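1. sequence below, structure please.
(2 chains)
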Amino acid sequence: AQSVTQLGSHVSVSEGALVLLRCNYSSSVPPYLFWYVQYPNQGLQLLLKYTTGATLVKGINGFEAEFKKSETSFHLTKPSAHMSDAAEYFCAAHTGTASKLTFGTGTRLQVTL
Amino acid sequence: AAGVIQSPRHLIKEKRETATLKCYPIPRHDTVYWYQQGPGQDPQFLISFYEKMQSDKGSIPDRFSAQQFSDYHSELNMSSLELGDSALYFCASSLGRHWADETNTEAFFGQGTRLTVV
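-> Coordinates of the predicted model:
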């Protein structure tokens, strides 16, 4: 069975500071990996995805993530946080053998002045 | 660009009532997925359809049923509603099965229907 683990349900950073949201997966086969952002009362918006190829993936709004197979990780980073980044972030995966996405429990990012 | 449309956006029902949620996928998308997100929870996969046939099933209660119609829109029917069914219900669509073609490995989500059961 596949699972996705996000370490830290809440992360608080100062505006301008580095954002690091952690995601680890467990899968018997290399998965496809995604990061979604959810603003209050909004749907899920795709930030970036990893399928194959380059392990460093760049997404929208200055976010990027690196797939590290040896660490089974897909951490999300942004060099400089902005107030507008405050939202819930979900890491998700699927292995390609089923159509469903498996989501992590989410990390709420708070950005302070 | 056209996105996934869900209706209604908000719905309030009483216990034991029925509810129907509708999802209109992005034009030409042939795959629809339904997810349930409880308060403070991560989205949980319910069911998916590809070319009007059920393609995968998750933690969907027997009280719920869904189908995809000839125009590819989908409806989630929920009967004998319980307080615990209160949640945000997301629909997503993709072109082709999520896994069949690596260029199509993206599902686009609607804004969700917030169901409140009182």
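
2. excluding chain neighbours, what is closest to the most centrally placed residue in chain B?
-> Centroid check for chain B by Cα atoms, centre = their mean gives B:W34 as the closest residue, at 2.7 Å. In this structure, B:W34 finds its nearest non-sequential neighbour in B:L46, 4.2 Å apart by Cβ to Cβ, 6 or more residues apart in numbering or on different chains. For glycine as for every other residue, the C-beta is placed from the backbone atoms N, C-alpha and C.

3. show the average pLDDT along the strand or helix carrying that neighbour.
-> Per DSSP states H and E: B:L46 is located in strand B:44-50. Here strand B:44-50 scores 92 as its mean pLDDT.

4. what parts of chain B come near chain A?
-> Selection of chain B residues close to chain A by Cβ under 8 Å from any Cβ of the partner chain yields B:4, B:31, B:33, B:35, B:41-45, B:48, B:50, B:55-56, B:58, B:90, B:92, B:97-99, B:102, B:105-112, B:114.

5. restricted to helices, list these.
-> The members of these all map outside helices under DSSP state H.

6. mind checking which of those residues are buried?
-> Listed as buried from these are B:4, B:31, B:33, B:35, B:42-45, B:48, B:50, B:55-56, B:58, B:90, B:92, B:97-99, B:105, B:107-112, B:114; burial here means 16 or more other Cβ atoms under 10 Å in any protein chain shown.

7. which stretches of chain B aren't confidently modelled?
-> For chain B, residues meeting the criterion pLDDT under 70 lie at B:1, B:97-105.

8. how many other residues sit next to the residue nearest to B:W34?
-> Other residues near B:L46 come to 22 when the count uses other Cβ atoms under 10 Å in any protein chain shown.

9. tell me the contacts of the residue nearest to the centre of chain B?
-> Each residue near B:W34 by Cβ atoms under 8 Å, 6 or more residues apart in numbering or on different chains is listed here: B:23, B:45-48, B:60, B:66, B:74, B:76, B:89-91.

10. among the residues you listed, which one lies nearest to chain A?
-> Relative to chain A, the closest of these is B:F45; by Cβ to the nearest Cβ it sits at 3.9 Å.

11. I'd say the closest one and B:Y89 touch.
-> No. Contact criterion Cβ atoms under 8 Å: B:F45 and B:Y89 do not qualify, at 11.8 Å.
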